[in-house]
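Engineer: How does the following fold in three dimensions:
(chains A, B, C and D)
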There are 2 protein chains.
Amino acid sequence: MPSSKTPTGSESRNTPDAPEQPEQPEQPGRPVPPEAPELIWLRPERTGRGPRPAHSRESIAVAAIGIADTEGLDAVSMRRVAAALGAGTMSLYNYVPKKEHLLDLMLDAVTGEYRLPPEPSGDVRADLAHLAHEQLAIFRRHPWAPALVLARPSIGPNALRYTDHFLAVTAPTGLAGGARMEAMALFNGFICQFAQYEQTAAAGAKWQAEMVGYLTQAAMSGEYPHLAQAFATSGPPADPDQVFDRTLNRVIHAILAPAAQ
Amino acid sequence: MPSSKTPTGSESRNTPDAPEQPEQPEQPGRPVPPEAPELIWLRPERTGRGPRPAHSRESIAVAAIGIADTEGLDAVSMRRVAAALGAGTMSLYNYVPKKEHLLDLMLDAVTGEYRLPPEPSGDVRADLAHLAHEQLAIFRRHPWAPALVLARPSIGPNALRYTDHFLAVTAPTGLAGGARMEAMALFNGFICQFAQYEQTAAAGAKWQAEMVGYLTQAAMSGEYPHLAQAFATSGPPADPDQVFDRTLNRVIHAILAPAAQ
DNA sequence: CCTTCTCTAAGTACAGCGTACGTAGAAGCG
DNA sequence: CGCTTCTACGTACGCTGTACTTAGAGAAGG
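Structural biologist: Okay, here's the model as predicted:
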């Protein structure tokens, strides 16, 4: 959701009776709510006062993931998750300021499923390949995850662990920090999109079949000669895992190439 | 939206008084509505009977794109688009069976903005780079587009033109048709994700700032040594266009590599 | 010509969404 | 003890996609 517009009143700003007050001088004793961090990882889960919460971010994420796994991401609504926890709908908002943050929690929770070796093996290609397969496995376990990653690349604690590991793995390449970050983006992006494509393809068999029909019809129409030629020179539909490995090799190759061009 | 669940009654199946009729034997004179194609490009825009429609798919797509460009994708609702056309909300459904299809129309319309040369120049690298920059320009003009491409890779007429051109450009590589298709997916995927990232970063400055703060704080915590090291060895924040070109070169390199590994 | 059939246009209605707001009560701190 | 701060949750609002229905325009067949 790239749109930054929130049509209702953005986020409970100052009382409207005090207009035009550009910088609040941090008056002591004030409730100071207007500057809560947007990033959920910067909000403390617990402040220590008041009654103990009945739930936790973790348990909420688990409940939401359960729903998403079995019924799809669309079924994950605040009401639905709250019901799964046996809580009232609005109680959820004590843990999660907005639904987007719930999605962040879900994503970081599944990111915790990586089984990372304590140290890189030293074989960069092998380590990267292992990482890629692990990631693909997670995405296949949680079909809704790729769409979320693509829409909102949030970085929680578990993603930090992953990032750190990736950087460790790619350390022998001699690339600078920034370049390795870019490499990671390319790497993750490829896997994510591959999983996402698998997902949409599997979701609608009819859609998929029609698409193939449309493509072949277009190829035979004569309007798209190169498409026709490509159809002619390509063998039977390839095994997804083979396509994945093949393209993964290309990506790894690109990453290891010495500062291309 | 990878979820295939439609909680309401899927799509107006046969009258329920005729249960268990697996294959309708094409009875003549029947309305035959139950097998309308899911893909909008397979539905004829006009059947020739009845009054002339007041709008067209094209004009609808233009209206929707205008809204998305100025107010974001979230603002594109059936009501909103219909109002922009001066039509009743439900009249839209005469042109577009579901909202997803409206999004398909929008995407294919902006895909028509490519200015493709009639023939490849013969320099594969240059042609691909040109294509990439054209694509990035389109995505920057229509910030909502990457998210749509990532969520639902539909292929309309204009996308076919693009695909055909890409295949023509990559013909000199000697790769088979299937391999070139895979290359295109990698190529487009990278550009799309780059644009999408730019978008989310630009959308929330506060979010972006907090993320940087969170990352540096994590790096300094000592828990993520490689992250810290990467921060130390990376220079000042890079120019996005430079990052794009750099990574693009890597991707092109990967595509041109002789059947990697 | 008129009849008939099909298509377009639009209104009404419904279930579901995210969430602003307000209230009631529990738990820690002075 | 009271004060404060937190949790829990019900109600309500505006919005969404879209199923269903009715009215009428206009081409095709006689």
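
Engineer: the helices in the stretch 51-200 of chain A, which residues?
Structural biologist: Applying DSSP state H, counting those that start in this stretch to the stretch 51-200 of chain A gives helices spanning A:57-71, A:78-85, A:99-111, A:124-141, A:145-151, A:157-169, A:177-203.

Engineer: and the ones you listed, which is most packed in?
Structural biologist: Most buried of the helices of the stretch 51-200 of chain A by mean neighbour count (mean count of other CB atoms under 10 Å in any protein chain shown) is helix A:145-151; its value is a mean of 23. From N, CA and C alone the C-beta is placed, and that goes for glycine too.

Engineer: average model confidence for it?
Structural biologist: Per-residue pLDDT values over helix A:145-151 give a mean of 94.

Engineer: By mean pLDDT, which helix or strand of chain A comes out lowest?
Structural biologist: With mean pLDDT, DSSP states H and E as the measure, the helix or strand of chain A carrying the lowest mean pLDDT is helix A:205-220 (a mean of 89).

Engineer: Report all helices and strands that that helix contacts.
Structural biologist: Applying 3 or more CB pairs under 8 Å, 6 or more residues apart in numbering or on different chains; DSSP states H and E, one finds that helix A:205-220 makes contact with helix A:225-233.

Engineer: For the helix it packs on, which residues meet the burial criterion?
Structural biologist: Across helix A:225-233, burial judged by 16 or more other CB atoms under 10 Å in any protein chain shown covers A:226-231.

Engineer: ok, back up a step: adding distance to residue B:219 as columns, could you present the helices of the stretch 51-200 of chain A in a markdown table?
Structural biologist: Listed next are the helices of the stretch 51-200 of chain A as a markdown table, based on distance: least, CB to CB, whole Å:
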| stretch | distance to residue B:219 |
| --- | --- |
| helix A:57-71 | 23 |
| helix A:78-85 | 33 |
| helix A:99-111 | 18 |
| helix A:124-141 | 21 |
| helix A:145-151 | 22 |
| helix A:157-169 | 9 |
| helix A:177-203 | 10 |
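
Engineer: How about the contacts made by residue A:229?
Structural biologist: For residue A:229, the contacting residues are B:167, B:171, B:177, taking CB atoms under 8 Å, 6 or more residues apart in numbering or on different chains as the criterion.

Engineer: and it, how far is that from residue A:248?
Structural biologist: Separation of residue A:229 from residue A:248 (CB to CB, to the nearest Å) stands at 27 Å.

Engineer: Which secondary structure state does residue A:238 sit in?
Structural biologist: Three-state secondary structure (criterion: DSSP: H, G, I helix; E, B strand; the rest coil) places residue A:238 in coil.

Engineer: Within range of DNA strand C, give me the residues from the stretch 1-150 of chain A.
Structural biologist: Near DNA strand C, the residues belonging to the stretch 1-150 of chain A are A:8-9, A:11-12, A:48-52, A:75-80, A:89-90, A:93, A:98-100 when assessed by CB under 7 Å from any atom of the strand.

Engineer: Quick check: the residue of the stretch 151-261 of chain A nearest DNA strand C.
Structural biologist: residue A:152 (13.1 Å; CB to the nearest atom of the strand).

Engineer: so where's the stretch 151-261 of chain A shaky on pLDDT?
Structural biologist: Per-residue confidence for the stretch 151-261 of chain A (pLDDT under 70) gives these ranges: A:259-261.

Engineer: one more time with 80
Structural biologist: Counting by pLDDT under 80, the stretch 151-261 of chain A shows low-confidence ranges at A:203-204, A:235, A:237, A:258-261.

Engineer: Nearest to DNA strand D: which residue in it?
Structural biologist: DNA strand D sits closest to residue A:204 of the stretch 151-261 of chain A, with a gap of 13.8 Å, by CB to the nearest atom of the strand.

Engineer: pretty sure that residue is touching residue B:37, no?
Structural biologist: No - with the criterion set as CB atoms under 8 Å, residue A:204 and residue B:37 do not qualify as a contacting pair; they are 11.9 Å apart.

Engineer: need the contact list for residue A:108.
Structural biologist: Contact criterion CB under 8 Å, 6+ apart gives A:61, A:154, A:156-159 as the residues in contact with residue A:108.

Engineer: out of everything not next to it in sequence, what's closest to residue A:129?
Structural biologist: Closest residue to residue A:129 in three dimensions, ignoring its sequence neighbours and counting by CB to CB, 6 or more residues apart in numbering or on different chains: residue A:248, at 6.6 Å.

Engineer: wait, isn't that neighbour in contact with residue A:132?
Structural biologist: Yes - with the criterion set as CB under 8 Å, residue A:248 and residue A:132 qualify as a contacting pair; they are 5.3 Å apart.

Engineer: And residue A:200, how far from residue A:72?
Structural biologist: For residue A:200, the distance to residue A:72 under the criterion CB to CB works out to 12 Å.

Engineer: Roughly how far does residue A:150 sit from DNA strand D?
Structural biologist: Plainly put, residue A:150 is 20 Å away from DNA strand D if you go by CB to the nearest atom of the strand, to the nearest Å.

Engineer: Quick check: that residue touching residue B:150?
Structural biologist: Yes - proximity of residue A:150 to residue B:150 meets the contact threshold set by CB under 8 Å, at 4.4 Å.

Engineer: Mutual contacts of these two, please.
Structural biologist: Between them, residue A:150 and residue B:150 share the neighbouring residues A:193, A:196, B:193, B:196, with contact defined by CB under 8 Å, 6+ apart.

Engineer: any idea how far the second one is from residue B:189?
Structural biologist: What it means is residue A:196. Applying CB to CB, the value for residue A:196 to residue B:189 is 9 Å.

Engineer: can you check the first one too?
Structural biologist: Counting by CB to CB, the gap between residue A:193 and residue B:189 amounts to 4 Å.

Engineer: which residue sits closest to residue A:178 in space, ignoring its chain neighbours?
Structural biologist: Residue A:178 sits nearest to residue B:234 (CB to CB, 6+ apart), 3.6 Å away.
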